[in-house]
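[1] after the sequence you'll find the predicted model.
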Amino acid sequence: MQAKNGDNVKVHYTGKLVNGEQFDSSAGREPLAFTVGAGQMIKGFDAAIPGMSIGDKKTVTIPANEGYGEKDPNAIIEFPKEHVPADMKLEPGMPLTLSNQQGQPVPVVVVEIKDDVIILDANHFLAGQDLVFDIELVEIN
């Protein structure tokens, strides 16, 4: 039996950057469950599953535009320094969470600290990156 769009599957995976740096893995956890072709996964990961059978393993390289997209320059935010608590010590590379107009959390990273503003990046941390996934299909329902 081969996986196809609409199947509920479970996979074990390891995600790495092209330089080999690992950013995520299901090792030691339950396998990742999702519906193939339902848009629950990044496009390139989803596209890798059809045709696989239980026990099959593969390595796929996913270009940024089929992963988390390219970096969006509009996601670079100038945040007024006056809105930051005086006792908060900020450093470039530091992760923070802001809230959007609907009150939902928006993860950002401090890029630069200027005299009157803080430059924040709200892009996904994997945006602009080509990704490599080792995938093993463990279940098809």
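    Perfect, thanks for sending it.

[2] any idea where the helices of the chain begin and end?
    For the chain, the helices defined by DSSP state H cover 43-48.

[3] point to the residue nearest the middle of it.
    Leu126 (5.3 Å; C-alpha atoms, centre = their mean).

[4] packing partners for the lowest-mean-pLDDT helix or strand in the chain?
    Within the chain, confidence by mean pLDDT, DSSP states H and E is lowest for strand 95-99 among all helices and strands, at a mean of 92. When contacts are defined as 3 or more C-beta pairs under 8 Å, 6 or more residues apart in numbering; DSSP states H and E, strand 95-99 sits against strand 105-113. (Glycine included, C-beta is placed from N, CA and C.)

[5] and Lys57, what does it touch?
    Applying C-beta atoms under 8 Å, 6 or more residues apart in numbering, we find Lys57 in contact with Asp134, Ile135, Glu136, Leu137.

[6] any idea how far Leu137 is from the nearest residue to Ala33 once chain neighbours are set aside?
    Leaving aside its sequence neighbours, Ala33 sits nearest to Lys10 (C-beta to C-beta, 6 or more residues apart in numbering; 4.8 Å). Distance check for Lys10 against Leu137: by C-beta to C-beta, to the nearest Å, it reads 8 Å.

[7] neighbour count: those two, which is higher?
    Comparing Lys10 with Leu137 by other C-beta atoms under 10 Å, the one with more neighbours is Leu137, at 24 against 17.

[8] quick one on the thing from earlier: list the residues that contact the spatially closest residue to the residue nearest to the centre of the chain that is not a sequence neighbour.
    Distance criterion C-beta to C-beta, 6+ apart; nearest residue to Leu126, sequence neighbours excluded, is Tyr68 at 4.4 Å. By C-beta under 8 Å, 6+ apart, Tyr68 lies in contact with Ile42, His124, Leu126, Ala127, Gly128, Gln129, Leu131.
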